[in-house]
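Visitor: no letters, just coordinates:
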């Protein structure tokens, strides 16, 4: 049995260990590319939300590499995501891959431990030691997702300072491969120092004063660089410091009911949207308020074309919150028609505008802003790695 | 010309005065506006009975027209699905037009079943409507069986209207009974548009005269707000009947079909409630009722999330059993000619297929006859 799963940005080392620890061989699909999207577009229904198409393409590329069991996450929430695996399996069967199984990884509520069943279903041998294996797999998985989150936060913070374009991207790639190769608990525990050391090697220009922009939206789109036309790198190279809460780790601990940051965001969003309607809608609204209060320069909302929950969030953001909090916001809805240059122009225009706005605000800061914001503003608080990176940038 | 205009204005003034006095008379009643869109086509009898029992006066927006759609499309941005845009349009009409409303009724439907949901746009409907300009107070109640029973939310609705718990429960019972009657009436084969008209005018449920059954019978799938909103779908049903086709909708099918859950996959149960009904109806016609219909038409509004996946599943099933299937996607600028051509060709295709089958049958009969 050879198992595979679709791409989602940097998260592949984590999912790989999760399944490899169970003693199963894993094949990774090619990084999402034009070919995969083409296949996805050809075989999937006309206007499903975009992540459906590249993931289908990834499945096909994995099957061509020899995979016969595919794992797809499921959410039995109100949005379309829960239907993905059922329809994708049907499509794959109709395409001629009859022996392929698509196994759902239930992540509706991780404390219900339905995912253990999936892990056991993936493994061919059944014995008593499987439970210890599962514990190890989850431990490694969570550790690795945490490090991946750290890597991506450090990447967002540092890229705008780099002197040689492309340094950060190289470091990130190197770190991910290194993370994939470390499979001992002692080494994993020390991996944080590896990350900080690698990032400290980058030659940075401390005199810059980058714009602070937050990126939020649907999780697959914001994490997968091919789908979002590499928005993180483009913004970083334009001199924008990027903050992103979304990550697999953030999502997983939320599903274990331990993510207090998300609870805070929910609290902020409650007057505008009292319940979770699927996708990231409620947290996008919460994050917008949060970022506005902590003094950001801009906000980017990225989502797949016709995503139902995010569209509801967008309506509320434009009609109410933008008028109230006055944080510049730009919306990107992605689909398979990737017009790179148009996208770049929009981004550049947005960055120029918020740059101009910042300079304008400098003069009238004391008079108007304090009156406008009735709620107290606060500073950003990150994790320990965030703090160390910020210290490194400030002091050297 | 001028004289005509002035007379028109005079008439308008008269009308306005009459309206004012009318309002004065019925001041004791709370005026609640209901837009004729989305869930209206499914739950209106229930709402009507419930709100009238709780002492409200209902004011409905008119049938969808061009202005409403345009206004709605202007208010909502491009990616929203058509039904929500139409809902915006109706809402804006209700806000703008004369009888001043105390409330607009925007219910939040989360789930009617423990393991199920409505489309996310229904879950956030009151929140989104609240963002419209000059909106009056919103009268909302949440139907979420996961957290508390329906009667609880109706009690809290009655509290807003100044009614007690007992009255609320009585109203709920009556509304439930009325809705059941309405559904039974539909299951006898009445078209929904006609039944809603009866409900609106407070008339007893009386069957239409039965027309002679036609040669071809279609199953028309889709959400109520797509099928029964005659402006949005360019009077689709009438076009079909003009071509000599009988139309069956989900509402007309017997209740037994929907009781068993649909299984797509061993590990998976669909969770959208409307789509579940569509799938259940199709499941019946896939196996037992294969010969009862000649074709299936699925009306989808552009950018509808759930339908995009459901339609794919249905299409793949239809290919297997070789039942003709037509999928029509609508948006706010539909050209009538294109739609007509598609219907005509589809109907013509089925007629030809039927003729061929009949000829084959005759031949076979002849053969049997000759052999005998």
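Guide: Alright, I've got the coordinates. Quick caveat: nothing in here was measured; it's all calculated off a predicted structure. Residues are numbered from 1 along each chain as shown, chains lettered A, B, ... in the order given.
Visitor: what pLDDT does residue A:186 get?
Guide: Listed pLDDT for residue A:186 reads 92.
Visitor: what residues does the strand or helix carrying it touch?
Guide: Assigned by DSSP states H and E, residue A:186 belongs to helix A:185-189. By CB atoms under 8 Å, 6 or more residues apart in numbering or on different chains, the surrounding residues in contact with helix A:185-189 are A:139-140, A:143-144, A:147, A:182. C-betas here are computed from N, CA, C, even on glycine.
Visitor: spatially central residue in chain A, please.
Guide: Centroid-nearest residue in chain A, with CA atoms, centre = their mean: residue A:223, separated by 3.3 Å.
Visitor: where does pLDDT dip in the chain?
Guide: Let's take chain A. Counting by pLDDT under 70, the low-confidence segments of chain A come to A:365-375, A:396.
Visitor: my question was about chain B
Guide: For chain B (pLDDT under 70), the answer is B:1-7, B:10, B:14-15, B:17-28, B:334, B:372.
Visitor: select the longest helix from it.
Guide: As assigned by DSSP state H, the longest helix anywhere in chain B is helix B:336-371.
Visitor: how far does that one sit from its chain's centre?
Guide: On the basis of CA atoms, centre = their mean, to the nearest Å, helix B:336-371 sits 32 Å off its chain's mean C-alpha point.
Visitor: may I see the buried residues of it?
Guide: By neighbour count on 16 or more other CB atoms under 10 Å in any protein chain shown, the buried set for helix B:336-371 is B:339, B:343, B:346-347, B:350-351.
Visitor: which other helices and strands contact it?
Guide: Contact partners of helix B:336-371 among helices and strands, from 3 or more CB pairs under 8 Å, 6 or more residues apart in numbering or on different chains; DSSP states H and E: strand B:216-221, helix B:236-242, strand B:295-301, strand B:325-330.
Visitor: between these, which gets nearest to chain A?
Guide: strand B:325-330 (7.8 Å; CB to the nearest CB).
Visitor: list the contacts of the residue nearest to residue A:163 when sequence neighbours are not counted.
Guide: Of all residues not flanking residue A:163 in the chain, residue A:203 sits nearest, at 4.7 Å (CB to CB, 6 or more residues apart in numbering or on different chains). By CB under 8 Å, 6+ apart, the contact list for residue A:203 reads A:162-164, A:167.
Visitor: of these, buried ones?
Guide: Among these, those classed as buried by 16+ other CB under 10 Å are A:162, A:167.
Visitor: closest residue of the stretch 151-300 of chain A to chain B?
Guide: In the stretch 151-300 of chain A, the residue that lies nearest chain B is residue A:277 (4.3 Å; CB to the nearest CB).
Visitor: give me every residue that touches that residue.
Guide: Residue A:277 is in contact with A:78-79, A:309, A:312, B:120, B:123-124, counting by CB under 8 Å, 6+ apart.
Visitor: on the three-state scheme, whatever residue of the stretch 51-200 of chain A ends up closest to chain B is what?
Guide: Residue of the stretch 51-200 of chain A nearest chain B, by CB to the nearest CB: residue A:78 (3.8 Å). What DSSP: H, G, I helix; E, B strand; the rest coil gives for residue A:78 is coil.
Visitor: burial count for the closest residue to it other than its chain neighbours?
Guide: Distance criterion CB to CB, 6+ apart; nearest residue to residue A:78, sequence neighbours excluded, is residue B:117 at 3.8 Å. Residues near residue B:117, counting by other CB atoms under 10 Å in any protein chain shown, number 25.
Visitor: if I look at residue B:117, how far off is residue B:221?
Guide: Applying CB to CB, to the nearest Å, the value for residue B:117 to residue B:221 is 20 Å.
Visitor: out of the contacts of helix A:185-189, who has the most neighbours?
Guide: residue A:144 (27 neighbours).
Visitor: surely that one is in contact with residue A:176?
Guide: No: counting by CB atoms under 8 Å, residue A:144 does not reach residue A:176; the two are 10.0 Å apart.
Visitor: returning to that earlier point: just put the helices and strands packed on helix B:336-371 in JSON lines and tack on distance to chain A and mean neighbour count.
Guide: Formatted as JSON lines, the helices and strands packed on helix B:336-371 follow (distance: least, CB to the nearest CB, whole Å; neighbours: other CB atoms under 10 Å in any protein chain shown):
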{"stretch": "strand B:216-221", "distance to chain A": "15", "mean neighbour count": "21"}
{"stretch": "helix B:236-242", "distance to chain A": "20", "mean neighbour count": "17"}
{"stretch": "strand B:295-301", "distance to chain A": "9", "mean neighbour count": "22"}
{"stretch": "strand B:325-330", "distance to chain A": "8", "mean neighbour count": "19"}
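Visitor: now distance to residue A:281 too, for these, in TSV please.
Guide: Formatted as TSV, the helices and strands packed on helix B:336-371 follow (distance: least, CB to CB, whole Å):
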stretch	distance to residue A:281
strand B:216-221	28
helix B:236-242	33
strand B:295-301	21
strand B:325-330	25
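Visitor: residue B:30 is nearest to which of these?
Guide: Among the helices and strands packed on helix B:336-371, strand B:295-301 comes nearest to residue B:30, with 32.8 Å by CB to CB.
Visitor: hmm, who's touching the helix or strand following that closest one?
Guide: Heading C-terminal from strand B:295-301, the first helix or strand you meet, by DSSP H and E, is helix B:305-321. With contact meaning CB under 8 Å, 6+ apart, helix B:305-321 is reached by A:44-49, A:79-80, A:83, A:86-87, A:90-91, A:94, A:306-308, B:81, B:119-121, B:221-223, B:264, B:272, B:274-275, B:278-279, B:282, B:286, B:290, B:296, B:298, B:300-301, B:324-325, B:327.
Visitor: list the buried ones in helix B:305-321?
Guide: The neighbour-count check on helix B:305-321 (16+ other CB under 10 Å) flags B:305-314, B:316-318 as buried.
Visitor: from the chain's centroid, how far away is that helix?
Guide: Put simply, helix B:305-321 sits 21 Å off its chain's centre (CA atoms, centre = their mean).
Visitor: now, of the contacts of helix B:305-321, which are buried?
Guide: Taking 16+ other CB under 10 Å as the criterion, what is buried in the contacts of helix B:305-321 is A:44-45, A:47-49, A:79-80, A:83, A:86-87, A:90-91, A:306-308, B:81, B:119-121, B:221-223, B:264, B:272, B:274-275, B:278-279, B:282, B:296, B:298, B:300-301, B:324-325, B:327.
Visitor: how much space separates residue A:276 from residue A:215?
Guide: Residue A:276 sits 21 Å away from residue A:215, going by CB to CB.
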